[in-house]
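Engineer: Curious how this folds, go ahead:
(4 chains)
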Number of protein chains: 2
Amino acid sequence: MARPRSFDRDHVLHAAERQFRTSGYNGTSVDDISAATGLGRGSLYAAFDGKHGVLLQAMAGYFARLGQFAPKALAGPDEGALERLHAYLLRAVHGVPLAADVPPAPDRAAAACFAAKMALEIGASDSEVKRLANDCFSVLATAVAECVRAAQRNGDIDPDADPDDLAYLLLTIIRGTDVVGAYGHSSDRLTSIAESAFALLPRPRHH
Amino acid sequence: MARPRSFDRDHVLHAAERQFRTSGYNGTSVDDISAATGLGRGSLYAAFDGKHGVLLQAMAGYFARLGQFAPKALAGPDEGALERLHAYLLRAVHGVPLAADVPPAPDRAAAACFAAKMALEIGASDSEVKRLANDCFSVLATAVAECVRAAQRNGDIDPDADPDDLAYLLLTIIRGTDVVGAYGHSSDRLTSIAESAFALLPRPRHH
DNA sequence: ACGGTTCTGTACTGGGTTGTCAATAACGGT
DNA sequence: ACCGTTATTGACAACCCAGTACAGAACCGT
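Structural biologist: Model prediction:
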């Protein structure tokens, strides 16, 4: 009946996300988005309602991606929970990739959590962005906390520790490496931070 | 011989820093800086070489402030070292104030470490900013590591732990709370994260 | 009191930005 | 093959922004 879209919506949002993560929100112009996605201004406004709309929808896509991959990496049987937590921690400190099968961006500052970067840059004056970013955090916190509980059930983590507190702390560390990485510290340094954090997890007392 | 400056350089840089921390670098216009500081464009360019110059000099001032206050808060006799670390951690997770005697900004995202915010926003394309931000981190890392060593000498922290690794981890957590705070989490949540981190510090084994 | 020197404020310019509009192209049902 | 509907394109206007230039003001040594 009518002309169909000639672009793939997710592909466009991915390209926009990469641009936002690289240049920040205020450092990205509509022309930049247009160049990165191949879409003209008109199409961008018709389909996404302009720069801010692109951001919100890109963040929504990011949120959906997190909700899919974090549980996949962390959920599972109790006996492997601690090792899954270890592997997740080691991977997470090197950044959040754009897609599951591509490595994170070469520049660590551009590999930082999309939601975190946007919340820090414009969250103070954009409550919608702040809310979306917090949703991203929550979905991760839930998945990590669940994995901590699994490790506790398996006797690998002190059962007296509060799994939610521990999950918040671990995610705070992971987000912290976004910042430390942006300072220019090496991959090895970030790995070392992750290992230190893992080593300090409260183990059950030997009786 | 010539007309003296009518403004206080540090006061101007403080006002600019507050503006940058609130709106980000790209979100701040020269007019914003002009309004925040009360200086006209001409003076800004003559004294600080424009927007980018203001940023660099504001960051240099921030660095100098950190180099003065962090050791003051952390250095001291070995016997109080662990408690100083505890107090520092609890205070730091609520943000970095503009000056020693004022509380951090009410909005947590604007209270985040100035260096961290700038490094995340523009560090990828501005190596000078990245370097300055890293200097800020280093001065903190040195002070925290020294305090950890003092606590170790006093028998409050496991002497087998690497004090530098521990310092990096603690600062990563502190920077992480900048992000978590920007998501909108309450002060109490940040305090709880700080306490969890402190509780996990490696204590010496009882023999 | 005068003059050289530096600061201060404002107006201006060239470039970049956002959001919109009208003309054109592509599709599918009839 | 036609036509209504929707996407796309490129251009356009209003605006904002960084940086500069210039004219006036303030100071101080003489």
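
Engineer: Report the central residue of chain A.
Structural biologist: If you average the C-alpha coordinates of chain A and look for the closest C-alpha using Cα atoms, centre = their mean, you land on A:C113, 4.1 Å from that point.

Engineer: Next, the contact list for it, please.
Structural biologist: Remark: with contacts taken as Cβ atoms under 8 Å, 6 or more residues apart in numbering or on different chains, A:C113 is in contact with A:96, A:136, A:175, A:178, B:179. Quick note: C-beta positions are derived from backbone N, CA and C, even for glycine.

Engineer: Take those and write them to CSV, including secondary structure, distance to B:G24 and pLDDT.
Structural biologist: CSV is the format used below for the contacts of A:C113 (DSSP: H, G, I helix; E, B strand; the rest coil; distance: Cβ to Cβ, whole Å; pLDDT from 0 to 100):
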residue, secondary structure, distance to B:G24, pLDDT
A:V96, coil, 21, 95
A:C136, helix, 20, 98
A:R175, helix, 18, 98
A:D178, helix, 16, 98
B:V179, helix, 14, 98
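
Engineer: Phi and psi next, for the residue nearest to the centre of chain A.
Structural biologist: phi -50, psi 130 (degrees, to the nearest 10).

Engineer: Quick check: closest non-adjacent residue to A:L90.
Structural biologist: In space, and not counting its chain neighbours, A:L90 is closest to A:A194: 5.1 Å by Cβ to Cβ, 6 or more residues apart in numbering or on different chains.

Engineer: shouldn't that neighbour be in contact with A:Y88?
Structural biologist: No - with contact defined as Cβ atoms under 8 Å, A:A194 does not count as touching A:Y88 (9.6 Å).

Engineer: Up against DNA strand D, what does chain A have?
Structural biologist: Remark: the part of chain A in contact with DNA strand D comprises A:1-7, A:39-43, A:46-47, using Cβ under 7 Å from any atom of the strand.

Engineer: Mind giving me the PyMOL command for buried ones among those?
Structural biologist: Only the buried entries of those go into this PyMOL selection, using 16 or more other Cβ atoms under 10 Å in any protein chain shown:
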select buried, chain A and resi 39+43
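
Engineer: B:A124: which of the residues of chain A next to DNA strand D is nearest?
Structural biologist: Distance to B:A124 across the residues of chain A next to DNA strand D (Cβ to Cβ) is lowest for A:L39, with 24.1 Å.

Engineer: Okay, now the unreliable bits of chain A?
Structural biologist: Across chain A, the stretches falling below the confidence threshold (pLDDT under 70) are A:207.

Engineer: Pull out the buried residues from stretch A:23-39.
Structural biologist: Using 16+ other Cβ under 10 Å as the burial criterion, the residues of stretch A:23-39 that qualify are A:23-28, A:32-34, A:36-37, A:39.

Engineer: Ok, stretch A:113-131 next?
Structural biologist: A:113-124, A:126, A:129-130.

Engineer: Could you see whether DNA strand C lies near it?
Structural biologist: No - using Cβ under 7 Å from any atom of the strand, stretch A:113-131 stays clear of DNA strand C, coming no nearer than 12.7 Å.

Engineer: Pick out whichever of the buried residues of stretch A:113-131 sits closest to B:Y62.
Structural biologist: Each of those was checked against B:Y62 using Cβ to Cβ; the closest is A:L120, at 16.4 Å.

Engineer: Over in chain A, which residue gets nearest DNA strand D? Let me know.
Structural biologist: As assessed by Cβ to the nearest atom of the strand, DNA strand D sits closest to A:G42 within chain A, at 2.1 Å.

Engineer: Can you give me the neighbour number for the closest residue to chain B within chain A?
Structural biologist: Using Cβ to the nearest Cβ, the closest approach of chain A to chain B is made by A:G176 at 3.1 Å. As a burial measure, the neighbour count of A:G176 was computed by other Cβ atoms under 10 Å in any protein chain shown and equals 28.
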